[in-house]
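**Student:** Generate a structure from the sequence data that follows.
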Amino acid sequence: MKRPGLTYLIVGVIFVAIGAFIGVRQLAPEPAKATAVTELMAQSLPDAAGQIQRLDQWQGKILVVNFWATWCAPCVKEMPELAALQTELATKQIQILGVGIDSAANIAEFANKYNITYPLIVAGMGGAKLTRAFGNQAGGLPYTVIIGRKGELLKTYMGQLDIAELRRDLNAL
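**Tutor:** This next block holds a predicted model:
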């Protein structure tokens, strides 16, 4: 007696595995452009209060740049941990910087509502172009990069951060 249900189950599992493999490959960051850090540091963008900030003011520090949006649940979820980490690392010449891919009004409202202890910069949709320069071709958020004191790209993270991993990576520098 044949078991068509078992055959369908096996075929289904194979297709799920193939889909997962393709999905992971498409979401994996590509290598960053050689000019990604230079492009980022050349920006002058408003902060959550509307004041223009030159991003090159943070050159010479280890910079953790977190690309995020107010409508991105994993982004919002990791922000209190990033704020606590910024407070913890303030004396170590490490700066966390949130680059919002959102409207100035949404970011200002968010900044007023939550106690974020690091600068939030408003990049709007231009922030998506910046993430692509860092290898985020899929456009997923959050997307985080570590830039070294000499302006070198050290690491990228796709998706919600594991703060313990980020802390280990920063302590190793």
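
**Student:** Now for the residue positioned nearest the centre of the chain: which residues touch it?
**Tutor:** Nearest residue to the geometric centre of the chain (C-alpha atoms, centre = their mean): residue 143, 2.1 Å. By C-beta atoms under 8 Å, 6 or more residues apart in numbering, the contact list for residue 143 reads 29, 66-67, 131, 134, 136, 156-159. All C-beta atoms are positioned from the backbone trio N, CA, C, and that covers glycine.

**Student:** now swap in residue 46 and tell me
**Tutor:** Neighbouring residues of residue 46 by C-beta under 8 Å, 6+ apart: 52-53, 104, 121-122.

**Student:** How far off centre is the host helix or strand of it?
**Tutor:** Assigned by DSSP states H and E, residue 46 falls within strand 44-46. Distance of strand 44-46 from the chain centroid (C-alpha atoms, centre = their mean, to the nearest Å) equals 18 Å.

**Student:** Each with direction, which strands does that strand pair with?
**Tutor:** Sheet pairing for strand 44-46, assigned by DSSP bridges, gives strand 52-54 (antiparallel).

**Student:** Against which helices or strands is the next helix or strand after the strand it pairs with packed?
**Tutor:** As assigned by DSSP H and E, the chain's next helix or strand after strand 52-54 is strand 62-68. If contacts are counted by 3 or more C-beta pairs under 8 Å, 6 or more residues apart in numbering; DSSP states H and E, strand 62-68 sits against helix 73-89, strand 94-100, helix 126-133, strand 143-147, helix 163-171.

**Student:** of all the ones you listed, which lies closest to residue 111?
**Tutor:** With C-beta to C-beta as the measure, strand 94-100 is the member of those nearest residue 111 (9.0 Å).

**Student:** so what strands line up beside that closest one?
**Tutor:** Paired strands of strand 94-100, with direction, are strand 62-68 (parallel), strand 120-122 (parallel) (DSSP bridges).

**Student:** Can you check what angle separates the longest one from helix 73-89?
**Tutor:** Read it as strand 62-68. For strand 62-68 against helix 73-89, the angle by axes from the mean of the first three to the mean of the last three C-alpha atoms, to 10 degrees is 160 degrees.
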